[in-house]
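S.K.: All I have is the shape, not the residue letters:
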């Protein structure tokens, strides 16, 4: 609270009352945050899951998460797309028609950095 804010109070009691009100509001906000944290920490049990990981796995499965998102590595090496002249031409045509690089990448099946590399 600045000196200018303090000047607006006519009495010491009015200032103290305002300070108490502000402190109570802050205490209420902190209490609500701590209650929310406690509830989240035990949410897996409340919903019938043995562990937090079990709850997360169920939510990811419900949302259609891939195994990579679920924290498991995919087996095998990543396959790289061979950039052919046809792909280069398609990228250039789409860029000339006004499409953005991320959109082109999805449509053609290459990464966004590859699109930028092709466009030079």
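M.R.: Cool, got the structure. Just so we're clear, the structure is a prediction, and the values are computed from it rather than from any experiment. Residues are numbered from 1 along each chain as shown.

S.K.: rest of the way, CA atoms for contacts and neighbours
M.R.: Noted.

S.K.: Quick one: mean pLDDT over the helix ranked longest in the chain.
M.R.: Counting by DSSP state H, the longest helix found in the chain is helix 12-41. For helix 12-41, mean pLDDT rounds to 91.

S.K.: list the buried ones in that helix?
M.R.: Within helix 12-41, the residues scored as buried using 16 or more other CA atoms under 10 Å are residue 15.

S.K.: Quick one: name whatever helix or strand follows it.
M.R.: helix 43-46 (DSSP states H and E).

S.K.: How about residues contacting that following helix?
M.R.: 50, 51, 52, 54, 55 (CA atoms under 8 Å, 6 or more residues apart in numbering).

S.K.: Give me the buried subset of those residues.
M.R.: Buried among these by 16+ other CA under 10 Å: residue 55.

S.K.: biggest separation within the contacts of helix 43-46, which pair?
M.R.: Within the contacts of helix 43-46, 50 and 55 form the most distant pair, 8.0 Å apart (CA to CA).
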